[in-house]
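*Asks:* pasted the sequence and its predicted model underneath.
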Amino acid sequence: MSIDVFYESTPNPQSMKFVYTQQIANESAQFQSQADAARSPLAQKLFGFPWAKEVFIGPYFVTITKQEWVDWEMIADPLANLLKEHIENEEPVFIQLETASPTQSSTYDVSEDDSPMVQKIKHVLNTEVRPAVAMDGGDIVFQDYKDGVVYLNMLGACSGCPSSTMTLKQGVESRLRAVVPEIKEVVQVL
């Protein structure tokens, strides 16, 4: 299997997005430690490096957040090669465990059980917000809607990004309020 990996900076200076030229996974998940990464051999491999702080895996990319004491100039090229070799050697990205990770995400399936408000929120998140955030190496996961407040979890390069509050308030909140005027606020769940 021949695949290429290239990397690009994200709005978070501590995170780098490594993009594959083909799909590597059917889901997204964030890991914050080697113990947390039990279901991802790829994430476990990355946490073998002392500078690895967080790993976010999406269907076509891996976003790695590093410790501040290491520079991307030193590790980006070797990392791209390591990520490429992992897939070319047909090593798994995810393995199935009995319990799924709470930070796992996929498209938000709109169910009949969802209120019309939640259906609208999920539609905007799926079609507009998540694709834009994925371009920056992250994801946003819907948690809840209650009393006019939308609760979201920011993952990947978005978590800890200096501009994440602005993205959440000026981008996501303003777009959701344009579609659903009843929304009072969008809040990040940690």
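*Replies:* Sure thing, it's come through.
*Asks:* show me what counts as buried in the biggest helix by length in the chain.
*Replies:* Counting by DSSP state H, the longest helix found in the chain is helix 72-88. Of all the residues in helix 72-88, those buried under the rule 16 or more other CB atoms under 10 Å are Trp72, Ile75, Ala76, Leu79, Ala80, Leu82, Leu83, Lys84, His86, Ile87. Where C-beta positions appear, they are placed from N, C-alpha and C, glycine not excepted.
*Asks:* now do the lowest-mean-pLDDT helix or strand in the chain: distance to the chain's middle.
*Replies:* Within the chain, confidence by mean pLDDT, DSSP states H and E is lowest for helix 164-166 among all helices and strands, at a mean of 73. Helix 164-166 sits 15 Å away from the centroid of its parent chain (CA atoms, centre = their mean, to the nearest Å).
*Asks:* just the pLDDT at Thr107, thanks.
*Replies:* The per-residue pLDDT reported for Thr107 equals 51.
*Asks:* can you name the element that comes right after the least confident helix or strand of the chain?
*Replies:* Following helix 164-166 in sequence order, the next helix or strand is helix 174-179 (DSSP states H and E).
*Asks:* for that following helix, which helices and strands make contact with it?
*Replies:* Applying 3 or more CB pairs under 8 Å, 6 or more residues apart in numbering; DSSP states H and E, one finds that helix 174-179 contacts helix 116-124.
*Asks:* low-scoring stretches of the chain, by residue?
*Replies:* The model of the chain has pLDDT under 70 over residues 1, 97-109, 160-162.
*Asks:* picking up where we left off before, in the least confident helix or strand of the chain, what counts as buried?
*Replies:* Those would be Ser164, for helix 164-166 by 16+ other CB under 10 Å.
*Asks:* number the chain from 31, please
*Replies:* Shifting the count to begin at 31 puts that one at helix 194-196.
*Asks:* okay, domains of the protein per the record?
*Replies:* 35-118, 146-218 (automatic domain parsing).
*Asks:* make CSV out of those domains and add distance to Val140.
*Replies:* Formatted as CSV, those follow (distance: least, CB to CB, whole Å):
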stretch, distance to Val140
domain 35-118, 18
domain 146-218, 5
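*Asks:* quick revisit: check the buried residues of helix 102-118 against Ile94 and report the nearest one.
*Replies:* The nearest member of these to Ile94, counting by CB to CB, is Leu109 at 6.7 Å.
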